[in-house]
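1. build me a model:
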Amino acid sequence: MAEEELPGVLILDIGGTHGVLENLAALLKKHFRLITMKEFLENKKEMSKKIQSVFVFECRPTIDQELLESLPNLKVIGNSGVGVDHLDLKMISKFGVKVTNTPHAVADPTADIGMALMLASARRLVEGNVLNFPGS
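-> Purely as a prediction, here's the structure:
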C-alpha cells in the first residue's frame with residue numbers, strides 16, 4: 001500500500017521530550033501515514049482531510065473542540081494509556097468520533113512494582129541499602 005493510501009494519523013511529534021517513541025512510530029508507520037502536529041498546522045487545509053485518527057501519547061496532542069472541528073474525516077482517537085480522564089468524552093462523541101485506550105497495558109508491571117514495594121517495605125531493603133552504602 002502506498003503512503004498516500006494509508007489513513008492519516010495525527011501525532012504530536014516523533015521522539016524528543018513529548019513525541020511518540022521512535023520504535024512505536026516505526027510500528028505505526030506500517031499501518032498509517034504519520035502526520036505531526038507541526039506538519040498539520042503548516043498545511044491545515046490539505047492535512048485535515050487526510051487525518052482519520054489521532055494517536056494520543058502521554059496526553060498529547062490536546063483534544064479540544066477547535067481540533068475536532070478542523071478534522072472532518074476523524075473517526076477514532078487512540079489513547080496509548082489506561083485512562084481517558086484527560087479526554088472530554090461527551091464533546092468527542094458529539095463529533096461521532098470513537099475513543100480507544102489500552103486498559104490492561106500496564107497491569108503486570110503495576111502488580112510487579114506493587115509486590116516489589118511491599119517486599120522492600122517488609123524487609124526494610126531501602127533502609128538497609130542506605131546503611132550499607134553511606135552517602136548514596
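
2. which one's the longest strand in this structure?
-> Across the chain, the longest stretch assigned as strand under DSSP state E is strand 51-56.

3. okay, now the sheet partners of that strand, with direction.
-> strand 8-11 (parallel), strand 76-79 (parallel) (DSSP bridges).

4. could you check the distance from the residue nearest the centre of the chain over to Met37?
-> Nearest to the mean C-alpha position of the chain, by C-alpha atoms, centre = their mean, lies Phe57 at 1.7 Å. Per C-beta to C-beta, to the nearest Å, Phe57 is found 11 Å from Met37. Every C-beta, even on glycine, is put in place using the N, C-alpha and C of the backbone.

5. do Ile92 as well
-> 18 Å.

6. likewise for Thr100?
-> 20 Å.

7. same thing with Leu27?
-> On the measure of C-beta to C-beta, Leu27 and Met37 end up 19 Å apart.

8. likewise Val82?
-> 23 Å.

9. ok, those two, which is more surrounded?
-> Met37 (18 against 14; other C-beta atoms under 10 Å).

10. would you confirm that that one contacts Thr62?
-> No - using C-beta atoms under 8 Å as the test, Met37 is too far from Thr62 to be in contact (9.7 Å).

11. what are the ranges of the helices in the chain?
-> For the chain, the helices defined by DSSP state H cover 22-29, 37-42, 44-50, 65-69, 89-94, 107-123, 125-132.

12. just checking, what packs against the second one?
-> Helix 37-42 makes packing contacts with strand 8-11, helix 44-50 when contacts are defined by 3 or more C-beta pairs under 8 Å, 6 or more residues apart in numbering; DSSP states H and E.
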